[in-house]
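A.B. asks: Sequence plus the predicted model coming up.
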Amino acid sequence: MKNTPTKEQVLETMNRLSKDTLMETLNIKYVDADPLTGKLVATMPVDSRVYQPMRILHGGATVALAESVGSAASQMLIDPAKEMAVGAEISANHLKSARTGTLIATAECVHHGKSSHLYHIRVENETGDLISMVKLLNFVKQRK
């Protein structure tokens, strides 16, 4: 049985592990967590790093934010010494775009099985407008 980390421990760990990764490149920050339910919240600024050529938010950057928060959220529900969660399938519906501001991605677990976790990730702007709705399936694998 694993010990459940505190919210503060989760946030410190996830933000520390983001160094030298895509999350650091996109300036994704983990800002809230509920280790008991697997809920995790992350933010990402909308700026030139995440633009498509039309100077609006690139859908792929939105999906990168969603997968980052959803995959990290699965880590809270497993024993990281014995298991790892890996993304298996992701789908996104982009409903609105952005040119500036901050995206807030909230990952909530809708299925917590032994070998898979299913997450819904709501991506909103700072005023609460829904930007994208994302579904992520993670497989839980034993570490070798």
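C.D. replies: Received the coordinates, thanks. Numbering: from 1, shown residues only.
A.B. asks: ok, residue 18 - how many residues close by?
C.D. replies: Residues near residue 18, counting by other C-beta atoms under 10 Å, number 20. For glycine as for every other residue, the C-beta is placed from the backbone atoms N, C-alpha and C.
A.B. asks: Test my guess that it contacts residue 28.
C.D. replies: Yes: shown here, residue 18 and residue 28 form a contact pair, counting by C-beta atoms under 8 Å, at 6.6 Å.
A.B. asks: Now the common contact residues for those two.
C.D. replies: Here residue 18 and residue 28 have no joint contacts, going by C-beta atoms under 8 Å, 6 or more residues apart in numbering.
A.B. asks: in what helix or strand does residue 62 lie?
C.D. replies: Counting by DSSP states H and E, the element that carries residue 62 is helix 59-75.
A.B. asks: Could you give the number of residues near the closest residue to residue 135 other than its chain neighbours?
C.D. replies: Leaving aside its sequence neighbours, residue 135 sits nearest to residue 91 (C-beta to C-beta, 6 or more residues apart in numbering; 5.1 Å). Using other C-beta under 10 Å, residue 91 has 11 neighbouring residues.
A.B. asks: Now name the helix or strand holding residue 91.
C.D. replies: According to DSSP H and E, residue 91 maps onto strand 83-94.
A.B. asks: Run through who's touching the helix or strand that that strand is followed by.
C.D. replies: Where DSSP H and E defines the elements, the next helix or strand beyond strand 83-94 is strand 102-112. With C-beta under 8 Å, 6+ apart as the test, strand 102-112 has contacts from 31, 37-46, 57, 62, 65-66, 68-70, 72-74, 77, 117-126, 131, 134, 136.
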